[in-house]
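[1] any chance you can model this:
(chains A and B)
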Amino acid sequence: DGGITQSPKYLFRKEGQNVTLSCEQNLNHDAMYWYRQDPGQGLRLIYYSQIVNDFQKGDIAEGYSVSREKKESFPLTVTSAQKNPTAFYLCASRRTQGNSYNEQFFGPGTRLTVL
Amino acid sequence: AQTVTQSQPEMSVQEAETVTLSCTYDTSESNYYLFWYKQPPSRQMILVIRQEAYKQQNATENRFSVNFQKAAKSFSLKISDSQLGDTAMYFCAFMNRDDKIIFGKGTRLHILP
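    Residues are numbered from 1 along each chain as shown, chains lettered A, B, ... in the order given. Predicted coordinates for the structure are as follows:
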C-alpha cells in the first residue's frame, strides 16, 4: 500500500535529550513537510523540503532540525533547545509535478511527551 | 507573510442541518491554492475540498462546497445535510507558489443527533 508512515505513534523522552521522529513515504512525492499541532494552535509548519538535499524553515523551526538525504525519508530531530517539545507531530508529503495544486497527504502522527 | 484565520473555534449543529465554516486569509499573491482539511478523532488529516485562486467557479464535492470570494480573501466551507461522521476539526489551508502551506487554527465541529 502507498502512504506515509510515522513511527513511533507515542514517544517519551526525558528533558534535555534529543529525539528523532521518523517519516517515510512511498508515494514518490517530491515535497515533504513537518507540522506541530498543539491544542488551539492548529498546525504550525516546522520545516519543509521540496527536493532531496534541500529544505526550508517554516514558522517555528527553532529547536528543530531535519535532513532530506533520500526522497522517501524526512526525519525530524527535536533538540534540547526546543523549550516546549511536548506536542503532536504530523508529517506530510505532496506531489509537485503535474497538477500544481496537488494536496498534501498526511501520516498518522507521533505524540511526543517530554518528561 | 501569509496568514489564515478561522474565527469560529467551535460550532455545533443538528444532524441534517447545513453549516458554514468561515476562513479568511491574507496574501499579496495573485495565484495560490486553498484547501479544507478534516481531522476526525483519529487525528488522521483528510482532504475535503480544494480551490485554485484563478478559478472563479466555487468547488463542490458532494455535500461539501465552498464560497470563494477572492477580493474579500474569504474561503468558507458549507456542509449540507450534515452527518454524525462530519464531527471533526476542520482546517483551512493556504498554499503559495513556493509550496509552503499554512493552516488556520481550526474549527471544532460537533454534529448532534
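
[2] A:Y89 pairs with what?
    With DSSP bridges applied, A:Y89 shows beta-bridge pairing to A:R36, A:T110.

[3] no wait, A:V66
    Per DSSP bridges, the residues bridged to A:V66 are A:L76.

[4] in chain A, where's the longest strand?
    strand A:42-51 (DSSP state E).

[5] just checking: what are the partner strands of that strand?
    Assessed with DSSP bridges, strand A:42-51 is paired to strand A:31-38 (antiparallel), strand A:54-57 (antiparallel).

[6] quick one: least confident helix or strand in chain B?
    Scoring the helices and strands of chain B by mean pLDDT, DSSP states H and E places strand B:101-103 at the bottom, with a mean of 90.

[7] show me what it is packed against.
    If you count contacts as 3 or more C-beta pairs under 8 Å, 6 or more residues apart in numbering or on different chains; DSSP states H and E, strand B:101-103 packs onto strand A:42-51, strand B:3-5, strand B:88-95. From N, CA and C alone the C-beta is placed, and that goes for glycine too.

[8] at 10 Å instead, please
    Counting contacts by 3 or more C-beta pairs under 10 Å, 6 or more residues apart in numbering or on different chains; DSSP states H and E, strand B:101-103 is packed against strand A:31-38, strand A:42-51, strand B:3-5, strand B:33-39, strand B:88-95.

[9] and the longest one with strand B:88-95, angle?
    Right, strand A:42-51. 40 degrees (axes from the mean of the first three to the mean of the last three C-alpha atoms, to 10 degrees).

[10] tell me which residue is most central in chain B.
    Central residue of chain B (C-alpha atoms, centre = their mean): B:W36, 3.5 Å from the mean position.

[11] who are the contact partners of that one?
    B:21, B:23, B:46-51, B:59, B:61, B:64, B:66, B:75-77, B:79, B:90-93, B:104, B:107 (C-beta atoms under 10 Å, 6 or more residues apart in numbering or on different chains).

[12] which one of the strands paired with strand A:42-51 is the most hemmed in?
    Among those, ranked by average contacts under mean count of other C-beta atoms under 10 Å in any protein chain shown, first place goes to strand A:31-38 (a mean of 23).

[13] report the inter-axis angle for that strand versus strand B:33-39.
    Using the same axes, to 10 degrees: strand A:31-38 against strand B:33-39 is 50 degrees.

[14] picking that back up, the longest strand of chain A: which residues count as buried?
    Residues A:42-50 are the ones in strand A:42-51 that count as buried (16 or more other C-beta atoms under 10 Å in any protein chain shown).

[15] hang on, B:G85 in a strand?
    No. Per DSSP: H, G, I helix; E, B strand; the rest coil, B:G85 lies outside any strand segment and is helix.

[16] wait, it sits on B:P40?
    Yes. The pair formed by B:G85 and B:P40 meets the contact definition of C-beta atoms under 10 Å, at 7.8 Å.
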